[in-house]
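J.: Here's a sequence, model it:
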Amino acid sequence: MTSSAAPRPTDTAAESNTEASGEPLAHRIMIVTDAWEPQVNGVVTTLSKVARELREMGCELEIVAPSDGYRTLPLITYSEIKLAIGARDDVEERFLAFAPDAVHIATEGTLGWDARAICLKHKFPFTTSYHTQFPEYVTARFWWVPLWAGYRYMHAFHDKSGRIMVATPTMMERLIAHGFKNVTAWSRGVETDLFHPNKRDVENGVYKGLKRPIWAYIGRVAVEKNLDAFLSTPLEGTKVIVGDGPARADLMARYPDAVFPGVKFGDELARHYADADVFVFPSLTDTFGLVLLEAMATGTPVAAFPAPGPIDILPGTGAGVVDKDLRAACLAALRLDRATTRRVAEGYSWRACAEAFQRNLEPLPKPEKKRFWLRLREARERARERRRLKREAKAMRRGQG
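T.: Here you go, the predicted structure:
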């Protein structure tokens, strides 16, 4: 599992990757995440797209994820996420071998805590990101866990971070109100070629035979997505839930008139967005909701509650409606222009998302970086020499005995 040492970039290469201010940007980036492929969720989509863009921009990446061969345990109530166990030594070896310019810790799981401890041990700066309203998520699933306990956990994880990257202004304000420092904006992108209006009504569409309008939700089917609020809303037409998750069987039993076609990928996923008349997003706990942009890119307008994500993206755009009355939002969204919705989505790109991510990193200044890795290399050599002398002394004692 330990990666081999990669060559350090030349000064010329590093200096070419600079901000307009002249400050060098991170060129060698270590990203540590508990959420990674083959998982399917917004965090994984964001990180994989950003990683692709960063590599195209000339960056070298070391991505540490549970799928790297570590022993794992499934996260309680979210078995798709595997938590790596006993990985700290290997993660530290990978950190030392790769010698990154910057470290980003994307999630608050076991690998995230390992990376945090390693950075603090070596006094190396790091950044984090806040993808999910974790305290609200936990309280929604376990009513006996108070909200303050979740925020205490998040403070413990993020408070040493140089920057906490957050998707929307609303979430920035919320975290600042809860006492978080160094919060900075990091928006998201969308694949406008894949999620495109030309996917609509191909061979009469994926919802052929269902009563219109089609009100669709696409994403994880779990209690924190607040799907009961959508499925219990009186609406003419057909409600469709595309995706899977622990709440799917229960919702299928309680809402027999709804359609549950399962998980979709690629072009088929894009068609399920495009063929819907309104995309309904009832979640109150997401920090952004990439699915909003994917729906909008196909021309499908969005109806949502005034929660973080929708309230930052939709009001005043003509691409969706937020309202405390979800039925009113749905009916209003149904009247919106699909061409306008598409134009709004075209304003988001993964390249801009990756560039913002790179700017938000906390690399060591060039002179300090050279001193840091020199000191660390010397310390490792001294430690190896001490271990060698101990082994020789032990062998000598055994020989004398």
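
J.: so after the lowest-mean-pLDDT helix or strand in the chain, what's the next helix or strand?
T.: Sorting the helices and strands of the chain by mean pLDDT, DSSP states H and E puts helix 11-16 at the bottom, at a mean of 37. Remark: after helix 11-16, the chain's next helix or strand is strand 28-32, criterion DSSP states H and E.

J.: and that next one, what other elements does it pack with?
T.: helix 42-56, strand 60-64, helix 88-98, strand 102-105, helix 110-121 (3 or more C-beta pairs under 8 Å, 6 or more residues apart in numbering; DSSP states H and E). Bear in mind the C-beta positions are built from the backbone N, C-alpha and C, glycine included.

J.: 10 Å instead?
T.: helix 42-56, strand 60-64, helix 88-98, strand 102-105, helix 110-121, strand 126-130, helix 350-360 (3 or more C-beta pairs under 10 Å, 6 or more residues apart in numbering; DSSP states H and E).

J.: and the angle for the last one with strand 28-32?
T.: Spelled out, it's helix 350-360. Compare the direction of helix 350-360 with that of strand 28-32 by axes from the mean of the first three to the mean of the last three C-alpha atoms, to 10 degrees and you get 100 degrees.

J.: Repeat that for the fifth one.
T.: Put simply, helix 110-121 runs at 130 degrees to strand 28-32, going by the same axes, to 10 degrees.

J.: I'd like the distance from helix 110-121 to the chain centre, please.
T.: 18 Å (C-alpha atoms, centre = their mean, to the nearest Å).

J.: Which residue ranges make up the domains of this protein?
T.: Domains of the chain are assigned by automatic domain parsing as 11-189+352-364, 197-348.

J.: next one: the shortest one to chain centre, how far?
T.: If I follow you right, that is domain 197-348. 20 Å.

J.: quick one, strands of the stretch 251-400 of the chain?
T.: 259-262, 278-281, 302-304, 320-322 (DSSP state E, counting those that start in this stretch).

J.: highest average neighbour count across those?
T.: Highest mean neighbour count among the strands of the stretch 251-400 of the chain (mean count of other C-beta atoms under 10 Å): strand 302-304, with a mean of 29.

J.: State the paired neighbours of that strand in the sheet, together with their directions.
T.: Strands that pair with strand 302-304, judged by DSSP bridges, come out as strand 278-281 (parallel), strand 320-322 (parallel).

J.: Give me the below-cutoff pLDDT ranges for this protein.
T.: Low-confidence segments of the chain (pLDDT under 70): 1-23, 77, 364-367, 369, 383, 401.

J.: Identify the residue nearest the geometric centre of it.
T.: Most central in the chain under C-alpha atoms, centre = their mean is residue 43, positioned 2.3 Å from the mean C-alpha point.
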